[in-house]
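Colleague: with the input below, show me the fold.
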Amino acid sequence: MASWTAAHTTYGVEHPAGARLRLALPPGTEEAPAAAWRLRTVDCAAPEVFRLRTAAFRGPSPLVRSGQPPGAGGLDLYEGALHVVTGDGWSPPPD
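Modeller: Numbers count the residues shown, from 1 in each chain. Reported below is the predicted structural model:
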């Protein structure tokens, strides 16, 4: 699941742009291959780049993460089919 909200003003209150991703993560390397997958939700405020194509939903793909929390960083699936860059970091940081 991926969502993006544009910066907007509601009843005189300014709201920054935001992105939210819900990622299905396979078992870790130290877990049994048949272990359950985990869901992780990550948010970022004021994303600098948010690009999404339907190819991002075709199945499992390696997740590429750049940067270190809590600073600037990015997430990428399927060589840019889902690409999000944030200057403020993610909350909580993705695995």
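
Colleague: list the contacts of L21.
Modeller: M1, A2, S3, T41, V42, D43, L75, L82, V84, P94 (Cβ atoms under 8 Å, 6 or more residues apart in numbering). Every residue, glycine included, has its C-beta placed from N, CA and C.

Colleague: name the SS class of the residue nearest the centre of the chain, please.
Modeller: Taking Cα atoms, centre = their mean, the centroid of the chain lies closest to L21, which sits 4.2 Å from it. Classification of L21 by DSSP: H, G, I helix; E, B strand; the rest coil places it in strand.

Colleague: other SSEs contacting the lowest-mean-pLDDT helix or strand in the chain?
Modeller: When the helices and strands of the chain are compared on mean pLDDT, DSSP states H and E, strand 64-67 comes out lowest with a mean of 76. Applying 3 or more Cβ pairs under 8 Å, 6 or more residues apart in numbering; DSSP states H and E, we find strand 64-67 packed against strand 73-77.

Colleague: what is the rounded mean pLDDT of the strand it packs on?
Modeller: Averaged over strand 73-77, pLDDT sits at 83.
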